[in-house]
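In: Sequence and predicted structure below; questions after.
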Amino acid sequence: QSVLTQPPSASGTPGQRVTISCSGGRSNIGSNTVNWYQQLPGTAPKLLIYSSNQRPSGVPDRFSGSKSGTSASLAISGLQSDDEADYYCATWDDSLSAWVFGGGTKLTVL
Amino acid sequence: QVQLVESGRGVVQPGRSLRLSCAASGFIFSSYGMHWVRQAPGKGLEWVAVTSYDGNNKYYADSVKGRFTISRDNSKDTLYLQMNSLGTEDTAVYYCAKGHSSSWYSHFDSWGQGTLVTVSS
């Protein structure tokens, strides 16, 4: 059971906008920024969003992040087939003194 | 650019030990916190351990506390994970990841390709 809760799956058609949620508590999302990672099939994860809403250089602006209270969201607009991947949220947990991940969301582009 | 190369993969029997290494290049290794993250077959990501830039601060996931030790040799630009008392639940791909700053607190911004550890009799 993950400390952070994500829906196991999400889907959309090309061009559509999809959002993936990440729910936590006061000691993790409520106190710290959230980061999102994309893992394409058979590859290592890649940083997608950091500090809740910042994009590393090279990440398209179709990807955006937000945080409110103890929840965070990743939004992907203009969905493309290349976006089919697993997405994970992660943050530091002050109570556990540990980094925690969400269980991951498998995005399918229909 | 940042390059992280893990080594030490293999099959090990339950109860035995294994040490993983991660050779870093393309950045000033001694200035950044470093992490280990693992992924069991078909499962999600699980953070394992982090060390600050100087090795003075280390944190572990409860699942490995007391069995795994993270360390670094800044003179060799290398990160290590000593894994003792291995169990079948430790079977996973182990990734080395670079922190975004010197502390244990910053997110991981680059990842290695991973190395597979299989614990089986």
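Out: Received it, and whenever you're ready, just let me know what you need. Numbers count the residues shown, from 1 in each chain, chains lettered A, B, ... in the order given.

In: Strands of the chain, residue ranges please.
Out: Unless you meant another one, I'm taking chain A. A:9-12, A:18-23, A:35-39, A:46-49, A:63-68, A:71-76, A:85-93, A:98-101, A:105-109 (DSSP state E).

In: meant chain B actually
Out: B:3-7, B:10-12, B:18-25, B:34-39, B:45-51, B:58-60, B:68-73, B:78-83, B:92-99, B:108-111, B:115-119.

In: Please tabulate the strands of chain A in CSV, including the columns distance to residue B:87, mean pLDDT and mean neighbour count.
Out: Where you see a C-beta, it was placed from the backbone N, CA and C, and this is true even at glycine. As requested, the strands of chain A are exported to CSV (distance: least, CB to CB, whole Å; pLDDT from 0 to 100; neighbours: other CB atoms under 10 Å in any protein chain shown):
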stretch, distance to residue B:87, mean pLDDT, mean neighbour count
strand A:9-12, 30, 98, 15
strand A:18-23, 29, 98, 19
strand A:35-39, 25, 98, 24
strand A:46-49, 30, 98, 23
strand A:63-68, 36, 98, 18
strand A:71-76, 33, 98, 22
strand A:85-93, 24, 98, 24
strand A:98-101, 19, 97, 24
strand A:105-109, 27, 97, 17
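
In: Can I get these in CSV including distance to residue B:57?
Out: Below are the strands of chain A laid out as CSV (distance: least, CB to CB, whole Å):
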stretch, distance to residue B:57
strand A:9-12, 36
strand A:18-23, 26
strand A:35-39, 20
strand A:46-49, 22
strand A:63-68, 26
strand A:71-76, 26
strand A:85-93, 13
strand A:98-101, 13
strand A:105-109, 31
